[in-house]
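**Q** model the structure of this input:
(one chain, ligands or ions: 1)
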Amino acid sequence: EKGNHRHYMEKEIHEQPIVVAQTLGAYLDPLAETVALPRELPFDLADVKRVQIVACGTALLAGHVASYWIESLARVPVAIENASEYRYRDPVYEPGGLCLFISQSGETADTLAALRHAAAGGQMVAAVVNVDTSTMARETQLLLPTHAGPEVGVASTKAFTCQLSVLAAFAIALGKAKGRVDAAEEARLVHLLTEVPAAMNVALRCEEAIAAMAPTLAKARDILYIGRGPDYPMALEGALKLKEISYIHAEGYAAGELKHGPIALIDEHVPVIVIAPSGPRFEKTVSNMQEVMARGGRVVLISDAEGIASHGQGSMAAITLPTVDPFITPLISAIPVQLLAYHVALAKGTDVDQPRNLAKSVTVE
Ligand code: M6R
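**A** Numbering: from 1, shown residues only. So this is what the prediction gives:
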């Protein structure tokens, strides 16, 4: 039921503070400030020597964000691959390899085939899945459920942030098992995660500003997104969401990669969405933003009050998010990225919940 929302997508965007809290509740003990994975583990996380993340679409981008968390917290190397390409690589399976699959539906054909391939290859297999009766949920060794509830809109929104929530908890658990995250650091990180739902509620207040600029963006033929570090996969997610439901051509780039080619596309007709929360990566991303402006490009800056106060001038619009610790920024910047795609699609009059050519669950390879 859509309730008083125009579309399932809009409803699902607004549900995120609640379903993320639900999901985190299954992985965190907020009083003890500890992480607890929900079930008995079929293998010992201390044995994990490397992690291979495999998924499709938005789930893959959740994995891309997680790769930063896992490497920095657990110091375990992470590789990421599209499920559709994975089996064509003749992957190297060694003892200590953990393959981590991510899927809202738990039925995506390519991801399922990759899961079976990894299990047959003797790897430890874990899956982050939203539908707990799905094939992947049944076949994985370790099930890490998301508690997003049914997601109806073809564009994945709440499943994505619930995947991020599970993956953040998993990264902390792995860091603990590897002796890299001590009790004080665990408490700090858990505390930060418990702040996410409230920060998401604040982030949702940017909807009006986004709706106001959507008609202008809807006139563009091409839109670029840039970000650095974990904001880079968020740029990819922004572009995927926008093209999926508004049919505007969009690409996400690592901010520093722009000058290696894509900057040639920039003129006053190609808006650039810059995802740059203030913090350690801010200055460098801002200098990439200035390169765009110097070439006549129109910029939308997504940042927090501090970032916008220092570098918001000259942008066509600035979207203000709450200031949060860099660990949790991807969970917060997901909101404007989703709202932007939604409102641009509304302005274009496309079928938001059932975009052309797409299916909710892709069960063919
Ligand atoms: O059910 P899954 O998470 O395995 O689906 C993966 C992709 O098909 C899915 O995320 C797709 O990219 C979404 N429509 C993006 O919004």
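
**Q** and Thr111, that one's in a helix?
**A** Yes: counting by DSSP: H, G, I helix; E, B strand; the rest coil, Thr111 is part of a helix.

**Q** surely it is in contact with Ser103?
**A** Yes: with contact defined as CB atoms under 8 Å, Thr111 and Ser103 form a contacting pair (5.0 Å). C-beta coordinates here come from the backbone N, C-alpha and C atoms, glycine included.

**Q** these two - which one has more neighbours?
**A** Relative neighbour count places Ser103 above the other of Thr111 and Ser103, with 32 against 29, counting by other CB atoms under 10 Å.

**Q** OK, contacts around that one?
**A** Counting by CB atoms under 8 Å, 6 or more residues apart in numbering, Ser103 touches 55-56, 59, 111-112, 127-130, 134, 136.

**Q** before we move on, back to that, mutual contacts of Thr111 and Ser103, please.
**A** Joint contacts of Thr111 and Ser103 (CB under 8 Å, 6+ apart) are 55-56, 59, 136.

**Q** work out for me the element the residue nearest to Glu207 when sequence neighbours are not counted sits within.
**A** The spatially closest residue to Glu207, leaving aside those adjacent along the chain, is Leu339, at 5.3 Å (CB to CB, 6 or more residues apart in numbering). Using DSSP states H and E, Leu339 maps to helix 329-348.

**Q** and the average pLDDT for that helix is what?
**A** The average of the pLDDT scores along helix 329-348 is 98.

**Q** and that helix, how far out from the chain's middle?
**A** Chain-centre distance of helix 329-348: 12 Å, with CA atoms, centre = their mean, to the nearest Å.

**Q** roughly how far does the one residue in the chain that gets nearest to the ligand sit from His64?
**A** Here the chain gets closest to the ligand at one residue, Gly57, 1.9 Å apart by CB to the nearest ligand atom. The gap separating Gly57 from His64 is 11 Å, by CB to CB, to the nearest Å.

**Q** show me the contacts for Leu164.
**A** Residues counted as contacts of Leu164 (CB under 8 Å, 6+ apart) are 62, 65-66, 330-331, 334.

**Q** neighbours of Leu73, how many?
**A** 23.

**Q** and it, what element?
**A** Using DSSP H and E, Leu73 sits in helix 57-74.

**Q** can you give me the buried ones in that helix?
**A** With burial defined by 16 or more other CB atoms under 10 Å, the residues of helix 57-74 counted as buried are 57-70, 73-74.

**Q** for the residue most central in space within the chain, which non-adjacent residue is spatially closest?
**A** The centroid of the chain falls nearest to Ala62 when counting by CA atoms, centre = their mean (3.9 Å). Excluding the flanking residues, the one nearest Ala62 by CB to CB, 6+ apart is Gln163, at 3.9 Å.

**Q** look at the one you found and report its pLDDT.
**A** What the model reports as pLDDT for Gln163 is 98.

**Q** pretty sure it sits in a strand.
**A** No: according to three-state DSSP, the state of Gln163 is helix, so it is not within a strand.
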